[in-house]
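Colleague: show me the folded form of this:
(chains A and B)
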Amino acid sequence: MSSEKIENTYEKVVELAKRRGFFWPSFSIYGGEAGFYDYGPLGVLLKDNIIRIWKEAYLRENALMIDTPVVVPRAVFQASGHVDKFLDIAAECDKCHLRQKLETFTKSAGFQEVFDTVDSGLAFVNEHVVKCTNCGARITRVFDVRQMFFLPDQGSSGDLFLRPETAQGIFINFKILNNIFRGKLPMAVAQSGKGFRNEIAPRQSLIRMKEFNMCEVEVFVHPEKKYWAEIDYDEDITICPRSSPPLRVKAREAVESGLISSNAMGYFITLTQRILLRMGISKERLRFRQHEKNELAHYSFDSWDAEAELDGNWVEITGIADRNDLRNHEKTSGESMSVSTDEGDIVPSVIEPASGVDRIILSVLMHSIMTRDNGYTVLSLPAEVAPYHAAVFPLMKKNGMDQLAREIYRRLSMIDPYIFYDESGSIGKRYARQDEIGTPYCITIDGTSLEDGTVTIRERDSARQIRINAEEIINHGLLGNPAISRDKFSGQSS
RNA sequence: GCGGGUGUAGUGUAGGGGUUAUCACAUGGGCUUCCCAAGCCUAUGACCCGGGUUCAAAUCCCGGCACCCGCACCA
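Modeller: Have a look, this model is predicted:
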């Protein structure tokens, strides 16, 4: 099998995704709508698996799970700063209709001003001659571009928005959650759900969508110590700090040397790597890059992005931000957000590992797709990520092989529902189909099965088979069954 | 949002004012086959949408939409 990078992996994955049923553009019979994608039969299973891996990793950190509405009243985003800051002050040239951020025009005209409001921008262009970077005409039109969707109907308290992040649902419930956690710190709260952003130019299928899935964790820590737990992870991470060239380090050492600013930041960078690798991101194609000062979000002092290399570009798939939202909500709502500790009352700081589920899914697919020497495609997904754990086939549809195969399928699916049954076409075609959707094992019932109850199990990546008693699988399952461990497939070929 | 390119079955494509719209793969059914998309028979299936020009538009023109590439944007 060739593990070299396939040129145009992106297009290959998008084509496969539609043909086999992972994902495709939404609303296509009505011409489509940019920025929206449907998950199909396989994509739903894959996405569930990705989210489950994340959820289980954070349950092991004793995180609390929460689920809050996607529709959110204005007051929340007023306090968080999104209403004021989550928009662009844009300008348009009346002559050539070039449209971009006002600051892009003013900067290239030699001005350093930053604009928060349409009024301040308008006042500026009236006072100063700002010329179009394209045609040289004077800029006079200034307007704002909201990046949050808002609903035409009012709620009981005014404007309603679709949330651009799930995080605020956690912050505003901080006191309730901390009570449930019996007042302790540090505390982690996690939420998986949809977010909405009015992207100007949605691109590249799952990379930039207007409606997307996110998995966010808010880790509440002591603001001076920012400590979560001893970093006992020993593996290397690749980091790109602002202050030095890229390097491979252990998180513990990077925290001790000050390259990573806090224990909590280092801990969750490493945990994020473990989670992403488990999901099927390739380690060689994953790095953590610290944000430049000028690319930090309005709420963040420090931020590290987990980036996946996709067809030569580094794409953010998870962001780990050091932010301070509780103070804003305390100020605006008047509710105390402080926690009593031995060292007095404190308002916790927040470390936020936030993952884009859709981007992870695309990255996992792009990192998993392989081409066999015979030219056929294999999705080399981790077994626990693959939509189906196994497929069951009769070698041929005769002599009772199909009856026995259906019986084994029926019994097996009682203990593991992620099993696919197929008896159509030739055996080779069925293997190839399962390879292409990442099914790690194919169980085939042949003539010998009729005699002694054994079946063959074929491992996807090696295409090798072992023979095993069917009862062994039915009683113990496939995943984690020592009789079916990968190394069993390494020695013999068939 | 801007500029360029593209749009033909599920997928990849040929064609290019009047065709029965090409081919391959995939898909359904049948035959064959005791292990890797084999073979044979058979069936289903397409010109992105709207307007214009024309006797006639899938084909030419205009507009829209979507996708791809670059720019800008990415809280």
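Colleague: okay, now A:Ala34: neighbour count?
Modeller: Using other C-beta atoms under 10 Å, A:Ala34 is surrounded by 14 other residues. (C-beta placed from N, C-alpha, C; glycine too.)
Colleague: list the residues that contact the nearest residue to it once chain neighbours are set aside.
Modeller: Leaving out its chain neighbours, the residue that sits closest to A:Ala34 by C-beta to C-beta, 6 or more residues apart in numbering is A:Pro202, at 4.6 Å. Residues in contact with A:Pro202 (C-beta atoms under 8 Å, 6 or more residues apart in numbering) are A:Ala34, A:Gly35, A:Arg208, A:Met209, A:Lys210.
Colleague: from A:Cys132, how far off is A:Pro202?
Modeller: As defined by C-beta to C-beta, to the nearest Å, A:Pro202 lies at a distance of 26 Å from A:Cys132.
Colleague: contacts only, for the closest residue to RNA strand B within the stretch 101-250 of chain A.
Modeller: With C-beta to the nearest atom of the strand as the measure, A:Ala201 is the residue of the stretch 101-250 of chain A nearest to RNA strand B, at 3.4 Å. Residues near A:Ala201 by C-beta under 8 Å, 6+ apart: A:Arg208.
Colleague: and chain A, what are its domain boundaries?
Modeller: A:9-73+A:162-367, A:87-146, A:388-489 (automatic domain parsing).
Colleague: what about the closest residue to RNA strand B within the stretch 201-350 of chain A, how many residues nearby?
Modeller: Relative to RNA strand B, the nearest point of the stretch 201-350 of chain A is A:Ala297 (2.8 Å; C-beta to the nearest atom of the strand). Look at A:Ala297: counted by other C-beta under 10 Å, it has 15 neighbours.
Colleague: thinking again about what came up before, A:Asp153: which of the domains of chain A is closest?
Modeller: Among those, domain A:9-73+A:162-367 comes nearest to A:Asp153, with 9.8 Å by C-beta to C-beta.
Colleague: what's the end-to-end length of that closest one?
Modeller: As for domain A:9-73+A:162-367, its first-to-last residue distance stands at 9 Å under the measure C-alpha to C-alpha, to the nearest Å.
Colleague: chain center to it, what's the gap?
Modeller: 7 Å (C-alpha atoms, centre = their mean, to the nearest Å).
Colleague: the helix or strand where A:Ile317 lies pairs with which strands, parallel or anti?
Modeller: A:Ile317 is part of strand A:313-323, with elements assigned from DSSP states H and E. Strands flanking strand A:313-323 in the sheet, each with its direction: strand A:300-310 (antiparallel), strand A:349-356 (antiparallel) (DSSP bridges).
Colleague: would the last one count as contacting RNA strand B?
Modeller: No - when contact is scored as C-beta under 7 Å from any atom of the strand, no part of strand A:349-356 falls within range of RNA strand B; the minimum is 7.6 Å.
Colleague: can I get the buried part of the contacts of A:Pro202 as one ChimeraX selection?
Modeller: Selecting only the buried entries of those in ChimeraX, with 16 or more other C-beta atoms under 10 Å as the criterion:
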select /A:35,208,209,210
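Colleague: would you list the contacts of A:Pro202 in JSON lines and tack on pLDDT, distance to A:Pro73 and secondary structure?
Modeller: Converted to JSON lines, those look like this (pLDDT from 0 to 100; distance: C-beta to C-beta, whole Å; DSSP: H, G, I helix; E, B strand; the rest coil):
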{"residue": "A:Ala34", "pLDDT": "94", "distance to A:Pro73": "28", "secondary structure": "coil"}
{"residue": "A:Gly35", "pLDDT": "95", "distance to A:Pro73": "24", "secondary structure": "coil"}
{"residue": "A:Arg208", "pLDDT": "94", "distance to A:Pro73": "27", "secondary structure": "strand"}
{"residue": "A:Met209", "pLDDT": "95", "distance to A:Pro73": "24", "secondary structure": "coil"}
{"residue": "A:Lys210", "pLDDT": "95", "distance to A:Pro73": "21", "secondary structure": "coil"}
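Colleague: how about the strand holding A:Ile317: buried residues?
Modeller: Of the residues in strand A:313-323, those buried by neighbour count under the rule 16+ other C-beta under 10 Å are A:Val315, A:Glu316, A:Ile317, A:Thr318, A:Gly319, A:Ile320, A:Ala321, A:Asp322, A:Arg323.
Colleague: I'd like the average pLDDT over it.
Modeller: For strand A:313-323, the mean pLDDT works out to 95.
Colleague: now stretch A:400-416
Modeller: When the per-residue pLDDT values of stretch A:400-416 are averaged, the result is 93.
Colleague: what's the answer for stretch A:376-387, then?
Modeller: Stretch A:376-387 comes out at a mean pLDDT of 96.
Colleague: chain center to that stretch: distance?
Modeller: So, by C-alpha atoms, centre = their mean, the centroid of stretch A:376-387 is 18 Å from its chain's centroid.
Colleague: near RNA strand B, which residues of the stretch 151-300 of chain A? Just list them.
Modeller: For the stretch 151-300 of chain A, the residues found near RNA strand B under the criterion C-beta under 7 Å from any atom of the strand are A:164-165, A:195, A:197, A:199-205, A:208, A:295, A:297-299.
Colleague: of those residues, closest to A:Ser380?
Modeller: A:Ser205 (20.6 Å).
Colleague: with distance to A:Asp236 added, can I get the contacts of A:Pro202 in TSV?
Modeller: Shown next, in TSV, are the contacts of A:Pro202 (distance: C-beta to C-beta, whole Å):
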residue	distance to A:Asp236
A:Ala34	39
A:Gly35	37
A:Arg208	30
A:Met209	32
A:Lys210	37
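Colleague: now, among the contacts of A:Pro202, which is nearest to A:Asp416?
Modeller: Within the contacts of A:Pro202, proximity to A:Asp416 (C-beta to C-beta) peaks at A:Met209, which comes in at 31.8 Å.
Colleague: that closest one and A:Val357, how far apart?
Modeller: Between A:Met209 and A:Val357 the distance, using C-beta to C-beta, works out to 11 Å.
Colleague: and A:Glu384, by the same measure?
Modeller: For A:Glu384, the distance to A:Val357 under the criterion C-beta to C-beta works out to 16 Å.
Colleague: quick one, which of those two is more surrounded?
Modeller: Regarding A:Glu384 and A:Val357, a neighbour count based on other C-beta under 10 Å identifies A:Val357 as having more, with 21 against 17.
Colleague: if I pick the more buried one, what's in contact with it?
Modeller: Applying C-beta under 8 Å, 6+ apart, we find A:Val357 in contact with A:Lys47, A:Ile50, A:Ile51, A:Ser192, A:Phe212, A:Asn213, A:Met214, A:Cys215.
Colleague: so which of the residues you listed are in strands?
Modeller: Cross-referencing these against strands under DSSP state E gives A:Ser192, A:Phe212, A:Asn213, A:Met214, A:Cys215.
Colleague: could you dump those to a markdown table with neighbour count, pLDDT and distance to A:His291?
Modeller: Converted to a markdown table, the ones in strands among the contacts of A:Val357 look like this (neighbours: other C-beta atoms under 10 Å; pLDDT from 0 to 100; distance: C-beta to C-beta, whole Å):
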| residue | neighbour count | pLDDT | distance to A:His291 |
| --- | --- | --- | --- |
| A:Ser192 | 21 | 97 | 24 |
| A:Phe212 | 21 | 96 | 20 |
| A:Asn213 | 22 | 97 | 23 |
| A:Met214 | 21 | 97 | 18 |
| A:Cys215 | 23 | 97 | 20 |
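Colleague: quick check: residues of the stretch 301-450 of chain A near RNA strand B?
Modeller: Residues of the stretch 301-450 of chain A found near RNA strand B (C-beta under 7 Å from any atom of the strand) are A:374, A:376-377, A:395-399, A:424-429, A:431-433, A:436, A:444, A:446-448, A:450.
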